[in-house]
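K.L.:
Got a predicted model here, sequence first, then my questions.
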Amino acid sequence: MFRVPLLVAIALAIAFGGGIWSTLWALEATTGFGAIRLGAWEAFPDAQTAKADPYAKSHRASAGALLYGSAEGLSFTAGVDETGAPLRAACSYRIIGHTPPARLWTLYTLQGGRAYRPQTGVLPVALNSRSILRHGDGAFEIAVAADAQPGNWLAIPQDGRFRLRLTLLDTPAAGSSGLIDLSMPAIQNLGCGNA
């Protein structure tokens, strides 16, 4: 008597659960189309425009973050180092080089899709172009590690994977022309664990 309704309920639960899971997986698998990759860094210049694809619109809606207009800025994200290995908190990294021309840039760490905010609140979890030390030619070096480092240091989580977000504000790089010719700073792995 209850066999048919029970089988229908199980089939519906599997169908709805599988559909929701596959949708969430597809949204996590890609940020959208039209990515521009420069070394380890990638940006989606159309993500905040009317030409954005459905994946980019979904990420924009779920993040709830203020996005920049195409003339205001451009955000680059890196989840891998220069060799293509994922960024892991057990490792130490060095970001070295120049950024494309910009009035201001910011750099911070993401973990789980959100900005990393430690419990203590005293670690340098974000840097900007006005607060870092530079070489004579304008290049910079930023140590990215969980433990304190001399010079420019960006604190990262103690465990797990993370991503870096570099946002260029008031930059000609935000326009679509000439973006491929830009050079981004390199992300070098300095070692993992006690090695």
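P.N.:
Sure thing, it's come through. Residues are numbered from 1 along each chain as shown.
K.L.:
This protein: helices as residue ranges?
P.N.:
3-29, 54-63 (DSSP state H).
K.L.:
Lowest average confidence across the ones you listed, which one?
P.N.:
For the helices of the chain, mean pLDDT drops lowest on helix 54-63, to a mean of 66.
K.L.:
which secondary element of the protein has the worst mean pLDDT?
P.N.:
One helix or strand of the chain scores below all others by mean pLDDT, DSSP states H and E: helix 54-63, with a mean of 66.
K.L.:
Report the buried residues of stretch 84-94.
P.N.:
87-89, 91-94 (16 or more other Cβ atoms under 10 Å). Using the backbone N, CA and C atoms, a C-beta is placed for each residue, glycine as well.
K.L.:
Just the terminal-to-terminal distance for that stretch.
P.N.:
Start and end residues of stretch 84-94 are separated by 15 Å (Cα to Cα, to the nearest Å).
K.L.:
which residues touch it?
P.N.:
The contact list for stretch 84-94 (Cβ atoms under 8 Å, 6 or more residues apart in numbering) reads 40, 78-81, 141-147, 149, 156-164, 187-193.
K.L.:
and stretch 74-88, how far apart are its ends?
P.N.:
Start-to-end span of stretch 74-88 (Cα to Cα) is 25 Å.
K.L.:
Quick check: mean pLDDT of that stretch?
P.N.:
Taken as a whole, stretch 74-88 has an average pLDDT of 89.
K.L.:
out of the contacts of stretch 84-94, which are buried?
P.N.:
Here, 16+ other Cβ under 10 Å leaves 40, 78, 80-81, 141-146, 149, 156-157, 162-164, 187-189 buried among these.
K.L.:
For the closest residue to residue 104 other than its chain neighbours, name its beta-bridge partners.
P.N.:
If the residues on either side of it in the chain are set aside, residue 104 comes closest to residue 169, at 4.6 Å by Cβ to Cβ, 6 or more residues apart in numbering. Residues in a beta bridge with residue 169, per DSSP bridges, are residue 73, residue 104.
K.L.:
Can you name the residues that contact the residue sitting nearest the centre point of the chain?
P.N.:
Centroid-nearest residue in the chain: residue 77, 3.3 Å away (criterion: Cα atoms, centre = their mean). Shown in contact with residue 77 (Cβ under 8 Å, 6+ apart): 31, 41-43, 110, 163-166.
K.L.:
Low-confidence ranges, this structure, go.
P.N.:
For the chain, residues meeting the criterion pLDDT under 70 lie at 1, 26-34, 46-50, 52-53, 55-71, 113, 118-121, 173-181, 194-195.
K.L.:
can we see that at 80?
P.N.:
Low-confidence segments of the chain (pLDDT under 80): 1, 23-37, 43-73, 112-122, 170-182, 193-195.
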